[in-house]
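**Student:** with the input below, show me the fold.
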Amino acid sequence: MALGEGSAGHKPLAGRLDESRLLAEAGAQARWGAGQFVLVTGPTGVGRSALLSAARRSWLADGLTVRRSQPTVADESTPFVVPRQFLLTDTGRQAPADASDWSPSAAVVELTKAGPVVLCVDDVQHADPGSLGWLAELAALSEALPLLLVCALRTPFDLGNRPLSDLVARSSRTVRLAALGEDEVAEALAGRWDAPTARQLAGPLTRRTGGNPLLVQQVADRLTSHPSGDGGPPDELVHGAVEWWKRRAPAAASAVASALAALATLRAPITTEDVAAVAEVSRSAAARAVDALHGAGLLHSTTPPTFTDPVLRDAVLADLDAASRAELFARATRVLARQCDDAESVAAQLLRGPVTGSTWAVRQLRQAANTAMARGDSTAAVAFLERALAESGGEHTSAVLLAELAVARFDTDSMTALGDFRRGLWHLRRARLHGSPQDQDWAEYDDEAALELQWRWMGSRYTPPSAAAVPRTDRLSGERVLAGIAAAFYLHSHSADVVLELARTALAGGVPTSGPMAVLVSAVAALVCADEHEEADGWLRELLAEARAQGGGFTEALLHVAHASSLHWRGRLAEAERSVRTAFELVPADQWGPAVAIPLRPLVDALLDQGRVDEAWAHASTPLTEDSVSETWACEAYFIARGRVKAARGDLDGALRDITDAGRLGELWDRQNPAANDWRAAAVPVLLAAGQRERAREVAEADLVAARRWGSPRPVGRALWSLAHTGPDERREELLTEAIGLFERAGAQLDVAVATLDLGRWHAEQGRLRPAREMLRTAMDLAARLGATPLAERARAALVAAGGRPRGPRQSGLAGLTRTERLVAERAAAGATNQDIAAELVVSLRAVEMHLTSVYRKLGVPGRSALPDALRTAE
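**Tutor:** Coordinates of the predicted model:
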């Protein structure tokens, strides 16, 4: 007799009292008109059917109408098998030949008019798609009817079964049945033996069966009816019964034993090659072992092989020690990962095995969750992320996973999602309590990783006020905090206009004297990414002063790094280097943890552009652990910096690996904005140097799409530069000219010098030597002034090759301007556009742009907006 059905000497449903009460309460609520959909889940043999059987008797005793259905594997292709079993089998009626004439939902509604109804489905995973869709419809109707819908589902289930996943997502309550513990097994045995004997047998029985209630019952029945070895140790008694129950598998042959264990760990469909790989035997030995297991009655004589009883799989696994079980599942998962690119299939296999604390498993599960979310399957994503959370060991990783988990389940279970979010913050606070003061600052800053949820779950429900509507205060209001968080995360997927409005809202109230300054650091970083450098400079000065007043530390260091990035993008290399070194003086490199990649990028870039390759390599070769790479988005910057230095050292293959790794990491963290993760712009020159022009063109085209989506000038200019070098030659002049104009708008002087050098070379190749020499001389002078020694040397060599004579440094300041340059500068300072100036002076638009570039260089200003002050000061 099955557990839960009771007998004179057996205690029913041992260890399932809480679950029984929950189902009884659901029945009582249905009696009062409050229907619901309850899902009972658990692996094979944990007592789902026994629990439902006892619940049905309870509901019948309370006067409810109970209908049941239990589809089998053979019913998976039978249309509407569940409503047929519910509504026709018990009454002897037949469904109409034309299914459109039959409305099972209407029949259920009619049934509830006579009183409360319970519809109970066991093994719902075997229901056909039509039945699953109908059950989902009933789940939606149940709340308005005296109808209790209960479905039992064997886990893990096929995540690719979309109708089943949709049904699971609709459950009002979920009862998750797990294996029995030793105390619960002892309770189950108490009706068969006296308490001391039951307690003696409970330990070995739990270990040998894994707490599987059905297997506990089978072995207990065997011990009761065939008490061979009475008086022996409990371990030996239980072991003997388990071995008998497994039908005396020919385990004497090690290959057969290994194959049996492999079959228990592999996910269907199973091939002989899979068995051989996991069991670590030859294919022929695996085939012989499978035949032997057929002969012993453990496997069906079918292809692919399957167990004759699902409980056999659990029995085999329960008989393995924990280490062997973990090793076998790891092998089985790796075999599957090598054979297919389907992340969800690999993750489903991981769900079947024990938790091992594997970083590799966390990555696979997160990737599968991303795939599931992309196709709208939040239920599968939740299952994968819950397991990833169990595999995770670090506080920070747990916090990030909890944030992702909350996002995945928000639409179906918003309260649990909010709890996930709070747990994520708790993990970050624990990291803060156990770390050094500098680590605490980093943990505070990285709260944003978990706070992503706080913005996402508000989603469209939150509209930040405009910057003008934010009152000035010395504290951070909730509106400002949320706007800052939104700016940080919208930076990766929205346009610069949207992010700028959010960043300005966060900053609009002024610099606070208290509150999470990291939110404002993110807002300033958004300004930098949008090429609003002058605005960012003003806020950086104010925030740095307040950070120093509050004791400096990590916040001040981050502000210096943000300033360094802005300075480098504008070509002010020496200043950028000084700013990063100041950050490292405040927080030494060994105290940044995996976030050290954030300051390393501008430092390595500044050193490399100054020609100090060996120094750049000394920093770029700082090793990062595998865990750091998988946990921290900032490592994108590390890989790009290291890739650039490797390219400068001649290691093109290594450079491409690093830079494309930055791209993959960006996909993992959903950071596709080229202003924040510029891996494509970094990859194109390396691909060209490696002779991969077609691949370089594909990368450049993708970069331009992403850059235009973001919309700030520098990323678009860099993408155009890449296209100029990878696309048709006839478009090179046009693209480089447009790129130079965008770089000038952004104040990106180093990029101006690079593109001007390339345009000068192009003119020289076309035989237009006069404009070529002028451009090459401009590029050489600008690069020399910026301290970009390698670039200046390349420009000088190109100038000599074009027949030019390099001269000494040009005169700077107002006195260094030619008459035309001064006229152009004065009109630009007065607000005239380039088109207006060209029309007034009767010159080409390109001539105006070149004159302005020369003016900026000689006056030492980043762009047009600085001209009025520069001219007044010079006079």
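
**Student:** for the residue nearest to Arg331 when sequence neighbours are not counted, give me its contacts.
**Tutor:** Closest residue in space to Arg331, ignoring its immediate chain neighbours: Val278 at 4.7 Å, by Cβ to Cβ, 6 or more residues apart in numbering. Every C-beta, even on glycine, is put in place using the N, C-alpha and C of the backbone. Contacts for Val278 (Cβ atoms under 8 Å, 6 or more residues apart in numbering) come out as 262, 265-266, 328, 331-332, 335.

**Student:** Val278 is in what secondary structure piece?
**Tutor:** In the assignment (DSSP states H and E), Val278 maps to helix 272-279.

**Student:** with Val40 instead?
**Tutor:** Assigned by DSSP H and E, Val40 falls in strand 36-42.

**Student:** give me the angle between the helix or strand that that strand is followed by and strand 36-42.
**Tutor:** Sequence-wise, the next helix or strand downstream of strand 36-42 (DSSP H and E) is helix 48-61. Angle of helix 48-61 versus strand 36-42, following axes from the mean of the first three to the mean of the last three Cα atoms, to 10 degrees, is 150 degrees.

**Student:** and the next element down the chain from helix 48-61?
**Tutor:** strand 65-69.

**Student:** report the inter-axis angle for that next one versus helix 48-61.
**Tutor:** When the same axes, to 10 degrees is applied, the directions of strand 65-69 and helix 48-61 differ by 160 degrees.

**Student:** partners of strand 65-69 in the sheet?
**Tutor:** According to DSSP bridges, strand 65-69 forms sheet pairs with strand 117-121 (parallel).

**Student:** what's the distance between the strand it pairs with and the middle of its chain?
**Tutor:** Between the centre of strand 117-121 and the centre of its chain there are 39 Å (Cα atoms, centre = their mean, to the nearest Å).

**Student:** what does it rub up against?
**Tutor:** Contacting residues not belonging to strand 117-121 are listed as 27, 30, 52, 55-56, 59, 64-71, 82, 86, 108, 111, 127, 135, 138, 145-152 [Cβ under 8 Å, 6+ apart].

**Student:** end to end on stretch 832-852, go ahead and measure it.
**Tutor:** 12 Å (Cα to Cα, to the nearest Å).

**Student:** chain center to that stretch, what's the gap?
**Tutor:** Remark: stretch 832-852 is offset 49 Å from the chain centroid, using Cα atoms, centre = their mean.

**Student:** give me the buried positions along that stretch.
**Tutor:** 832, 834, 837-838, 843, 847-852 (16 or more other Cβ atoms under 10 Å).

**Student:** what is the neighbour count of the residue nearest to Val754 when sequence neighbours are not counted?
**Tutor:** Among residues not flanking Val754 along the chain, Leu791 sits closest, at 6.5 Å (Cβ to Cβ, 6+ apart). Using other Cβ atoms under 10 Å, Leu791 has 23 neighbouring residues.

**Student:** any idea which element the closest residue to Val168 other than its chain neighbours lies in?
**Tutor:** Once flanking residues are discounted, Val168 sits nearest to Thr379: 5.2 Å by Cβ to Cβ, 6+ apart. Assigned by DSSP H and E, Thr379 belongs to helix 378-391.

**Student:** which among the contacts of strand 117-121 end up buried?
**Tutor:** Neighbour-count burial (16+ other Cβ under 10 Å) applied to these gives 27, 30, 52, 55-56, 59, 64-71, 82, 86, 108, 111, 127, 135, 138, 145-152.

**Student:** put the alpha carbons of the helix holding Val278 into CSV.
**Tutor:** Extracted as CSV, the C-alpha positions of helix 272-279 are listed here (Å, rounded to 0.1, in the frame of the first residue of the first chain):
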residue,chain,number,x,y,z
THR,A,272,25.6,4.7,-26.2
GLU,A,273,28.3,7.3,-26.9
ASP,A,274,27.0,9.4,-24.0
VAL,A,275,27.0,6.4,-21.7
ALA,A,276,30.6,5.6,-22.7
ALA,A,277,31.8,9.2,-22.1
VAL,A,278,30.2,9.5,-18.7
ALA,A,279,31.1,6.0,-17.5
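
**Student:** and it, which residues are buried?
**Tutor:** For helix 272-279, the neighbour count (16+ other Cβ under 10 Å) marks 272, 274-279 as buried.

**Student:** what's the spacing between that helix and its chain's center?
**Tutor:** Chain-centre distance of helix 272-279: 32 Å, with Cα atoms, centre = their mean.

**Student:** after that helix comes which helix or strand?
**Tutor:** For helix 272-279, the following helix or strand on the C-terminal side (DSSP H and E) is helix 283-295.

**Student:** for that following helix, buried residues please.
**Tutor:** Across helix 283-295, burial judged by 16+ other Cβ under 10 Å covers 285-290, 292-293.

**Student:** and for stretch 78-90?
**Tutor:** For stretch 78-90, by 16+ other Cβ under 10 Å, it's 78, 80-88.

**Student:** quick one: the helix or strand hosting Trp360 to chain centroid distance?
**Tutor:** Per DSSP H and E: Trp360 is located in helix 359-374. Mean C-alpha position of helix 359-374 versus that of the full chain (Cα atoms, centre = their mean) differs by 7 Å.

**Student:** what packs against that helix?
**Tutor:** helix 322-339, helix 343-352, helix 378-391, helix 395-409, helix 626-631, helix 652-668 (3 or more Cβ pairs under 8 Å, 6 or more residues apart in numbering; DSSP states H and E).

**Student:** mind putting these in JSON lines, mean pLDDT included?
**Tutor:** As requested, the helices and strands packed on helix 359-374 are exported to JSON lines (pLDDT from 0 to 100):
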{"stretch": "helix 322-339", "mean pLDDT": "77"}
{"stretch": "helix 343-352", "mean pLDDT": "82"}
{"stretch": "helix 378-391", "mean pLDDT": "88"}
{"stretch": "helix 395-409", "mean pLDDT": "74"}
{"stretch": "helix 626-631", "mean pLDDT": "49"}
{"stretch": "helix 652-668", "mean pLDDT": "87"}
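
**Student:** just send those back as CSV, with distance to Lys646 and mean neighbour count too.
**Tutor:** Shown next, in CSV, are those (distance: least, Cβ to Cβ, whole Å; neighbours: other Cβ atoms under 10 Å):
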stretch, distance to Lys646, mean neighbour count
helix 322-339, 28, 18
helix 343-352, 29, 22
helix 378-391, 32, 24
helix 395-409, 28, 25
helix 626-631, 17, 18
helix 652-668, 4, 19
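
**Student:** how about those helices in a markdown table, adding distance to Glu744?
**Tutor:** Shown next, in a markdown table, are these (distance: least, Cβ to Cβ, whole Å):
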| stretch | distance to Glu744 |
| --- | --- |
| helix 322-339 | 49 |
| helix 343-352 | 44 |
| helix 378-391 | 45 |
| helix 395-409 | 40 |
| helix 626-631 | 37 |
| helix 652-668 | 27 |
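
**Student:** these two touch, right, the residue nearest to Val754 and Leu573?
**Tutor:** No: with contact defined as Cβ atoms under 8 Å, Leu791 does not reach Leu573; the gap is 10.3 Å.

**Student:** which residues do the two both contact?
**Tutor:** Here Leu791 and Leu573 have 609, 750 as joint contacts, going by Cβ under 8 Å, 6+ apart.
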